[in-house]
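*Asks:* okay, sequence plus prediction incoming.
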Amino acid sequence: ASGMVPQGRWFSSTEAGPAAGTPLDSVKEPGPEEYDLARQALDLLGGRFSDKHREVRKMEKKREPLKENPGITRHELDTGSPEVQIAFMTGRIVNLQAHMEKHKKDKHTKKAFLQLLSDRQQMLKYLKRKSPERHAKL
């Protein structure tokens, strides 16, 4: 199956594309029409990929507190330990504080901020109760 040529609009079952062992010297340079088609295809796909890019940036931003304090995690993919959750909450609290300074009348954000503070406080209490030495390291 690895040597098969894809069938469909661009290749017929008997025709092989330029990737099928054709020397690069014999492949012609794409014309302006091909470049326009490629640009249109990228524009059409751009919306879908920009959403993925936004998600990746969001995840990287979420993991910033872990980069600042590398000793918090137990392993590379640790997201569930109390220390990591507290670090995530602290990062979100800092971001929400900056947002609330600009938007003083944003009541929804204020409610979420207070809930996040409460959740973080509960997580700190839990960690202190279950493992005082890990709490002291924070």
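*Replies:* Thanks, I have the structure now. Keep in mind that this is a model prediction, so the values were computed, not measured.

*Asks:* which residues sit in contact with residue 104?
*Replies:* The neighbours of residue 104, taking CB atoms under 8 Å, 6 or more residues apart in numbering as the test, come to nothing; the list is empty. Where you see a C-beta, it was placed from the backbone N, CA and C, and this is true even at glycine.

*Asks:* and it, how far from residue 84?
*Replies:* Between residue 104 and residue 84 the distance, using CB to CB, to the nearest Å, works out to 31 Å.

*Asks:* ok, residue 72 next?
*Replies:* Taking CB to CB as the measure, residue 72 and residue 84 are separated by 6 Å.

*Asks:* quickly list what's touching both of these two.
*Replies:* With CB under 8 Å, 6+ apart as the test, residue 72 and residue 84 both reach residue 66.

*Asks:* any weak-confidence spans in this protein?
*Replies:* Using pLDDT under 70 as the threshold, the predicted model of the chain has low-confidence ranges 1-30, 42-53.

*Asks:* now do the helices in it.
*Replies:* Along the chain, the segments classed as helices by DSSP state H run 32-62, 64-68, 82-102, 107-130, 132-137.

*Asks:* is it possible to get CSV of those that adds distance to residue 76?
*Replies:* Compiled in CSV, these are given as follows (distance: least, CB to CB, whole Å):
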stretch, distance to residue 76
helix 32-62, 14
helix 64-68, 10
helix 82-102, 11
helix 107-130, 21
helix 132-137, 19
